[in-house]
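Chemist: this one's sequence-less:
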């Protein structure tokens, strides 16, 4: 037996060692979780914001194009994106004594994956020499945002004719939610007696904008996950009854009160909305058969050409264009 007694380990030394092992375990767990999230590359956690569309957070509308912005966007086709001083993807607007036709809508109207010159609005411009034509489409917008944008633009363009381009595939859902493409938006809480109240203003800054504003979140998926949890908890997703018909009524009333006319273009068949439009006396056209890109469900240049033909026929029926 050794003559030297074994010295007891100091409690502090044991505590430090235990903390060290726990800390190492936590560090390994964090690194592994970070690597897994990077490998998965979930769209929900990507810090891509609005990409090359040149959009920004908007305290009234949720998001809007940056005025006088210019970029090349791969959607996947690489197209030229230019927004004028009003913040719409179109030529600079100038008052010249001609009446104005304004198109409002979402990415189908904005011209996703096509050049500006290939859009239905630009194709129609050559057939309407006695009118100014304004394309005020914005990607991702619902009818609620389009209504608010039109009110913002009205004093600058004072349209005589407004054409609401309605995307049957997603506008009903957009008009019933405070969120679109991970971005918060205003929404209409419709009243049973007509009209309603806009809610969700100002819309909170979306998660992906917060990612880009934070150095750690720019580089860490776990930081983005933590920010996402905070935003989702603080600003919950809200769903209300589809407000499409009240919004169209509000839009029609606003347009008429300002001495203009409202027409509607429907992406495809929508029996309930069509019955409503007929009852309200709102002229409309449908664009069934317009060609789409398979990858994005947006009109090809050929699809835009067919849309232009259908709108021209609607205009002829309304006396805006001479009949063919």
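Modeler: Structure received. This is a predicted model, so every value here is computed, not measured.
Chemist: so in the protein, which helix runs the longest?
Modeler: Counting residues, the longest helix in the chain under DSSP state H turns out to be helix 11-40.
Chemist: each with direction, which strands does the helix or strand sitting right after that helix along the chain pair with?
Modeler: The first helix or strand that comes after helix 11-40 along the chain, using DSSP states H and E, is strand 55-58. Sheet partners assigned to strand 55-58 using DSSP bridges are listed as strand 62-65 (antiparallel).
Chemist: which other residues reach the strand it pairs with?
Modeler: 50, 53-58, 83, 87-89, 138, 140, 145, 149, 180, 183-186, 203, 206 (Cβ atoms under 8 Å, 6 or more residues apart in numbering). C-beta: built from backbone N, CA, C; applies to glycine.
Chemist: looking only at pLDDT, what's the mean for it?
Modeler: Averaged across strand 62-65, pLDDT comes to 96.
Chemist: check stretch 120-131 too.
Modeler: Regarding stretch 120-131, the rounded mean pLDDT is 96.
Chemist: tell me which element the closest residue in space to residue 289 that isn't next to it in sequence is part of?
Modeler: Once flanking residues are discounted, residue 289 sits nearest to residue 306: 6.4 Å by Cβ to Cβ, 6 or more residues apart in numbering. Residue 306 belongs to helix 301-317 when assigned by DSSP H and E.
Chemist: that helix - contacts with which helices or strands?
Modeler: Contact analysis of helix 301-317 by 3 or more Cβ pairs under 8 Å, 6 or more residues apart in numbering; DSSP states H and E lists helix 120-125, strand 261-266, strand 284-286 as its packing neighbours.
Chemist: and the angle for that helix with strand 261-266?
Modeler: Computed by axes from the mean of the first three to the mean of the last three Cα atoms, to 10 degrees, the angle separating helix 301-317 from strand 261-266 equals 140 degrees.
Chemist: for helix 301-317, buried residues please.
Modeler: 301, 303-312, 314-315 (16 or more other Cβ atoms under 10 Å).
Chemist: separate out the buried members of the contacts of strand 62-65.
Modeler: 50, 53-55, 57-58, 83, 87-89, 138, 140, 145, 149, 180, 183-186, 203, 206.
Chemist: out of those residues, name the ones that lie in helices.
Modeler: Using DSSP H, the members of the buried ones among the contacts of strand 62-65 that fall in helices are 145, 149.
Chemist: can you give me the helices in the stretch 151-300 of the chain?
Modeler: If DSSP state H, counting those that start in this stretch is used as the criterion, the helices of the stretch 151-300 of the chain fall at 171-174, 207-213, 215-219, 221-234, 244-257, 271-280.
Chemist: related to what we said a few turns ago, quick one, what contacts the residue nearest to residue 289?
Modeler: Residues in contact with residue 306 (Cβ under 8 Å, 6+ apart) are 287, 289-291.
Chemist: ok, and the most crowded of these?
Modeler: Within those, residue 287 tops the neighbour count with 24 neighbours, counted by other Cβ atoms under 10 Å.
Chemist: what about the residue lying closest to it once chain neighbours are set aside, distance to residue 122?
Modeler: Leaving aside its chain neighbours, residue 287 sits nearest to residue 307 (4.9 Å; criterion: Cβ to Cβ, 6+ apart). Distance, residue 307 to residue 122, using Cβ to Cβ, to the nearest Å: 11 Å.
Chemist: again, but for residue 292
Modeler: For residue 292 relative to residue 122 (Cβ to Cβ), the value is 19 Å.
Chemist: and if you look at residue 321?
Modeler: Relative to residue 122, and taking Cβ to Cβ, residue 321 is found at 16 Å.
Chemist: same thing with residue 81?
Modeler: Using Cβ to Cβ, one gets 14 Å for the distance from residue 81 to residue 122.
Chemist: okay, now residue 70: neighbour count?
Modeler: With other Cβ under 10 Å as criterion, residue 70 counts 10.
Chemist: can I get the helices of the stretch 151-300 of the chain in JSON lines with mean pLDDT, distance to residue 159 and mean neighbour count?
Modeler: Converted to JSON lines, those look like this (pLDDT from 0 to 100; distance: least, Cβ to Cβ, whole Å; neighbours: other Cβ atoms under 10 Å):
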{"stretch": "helix 171-174", "mean pLDDT": "98", "distance to residue 159": "20", "mean neighbour count": "21"}
{"stretch": "helix 207-213", "mean pLDDT": "89", "distance to residue 159": "31", "mean neighbour count": "19"}
{"stretch": "helix 215-219", "mean pLDDT": "89", "distance to residue 159": "42", "mean neighbour count": "13"}
{"stretch": "helix 221-234", "mean pLDDT": "93", "distance to residue 159": "37", "mean neighbour count": "16"}
{"stretch": "helix 244-257", "mean pLDDT": "97", "distance to residue 159": "8", "mean neighbour count": "19"}
{"stretch": "helix 271-280", "mean pLDDT": "98", "distance to residue 159": "19", "mean neighbour count": "13"}
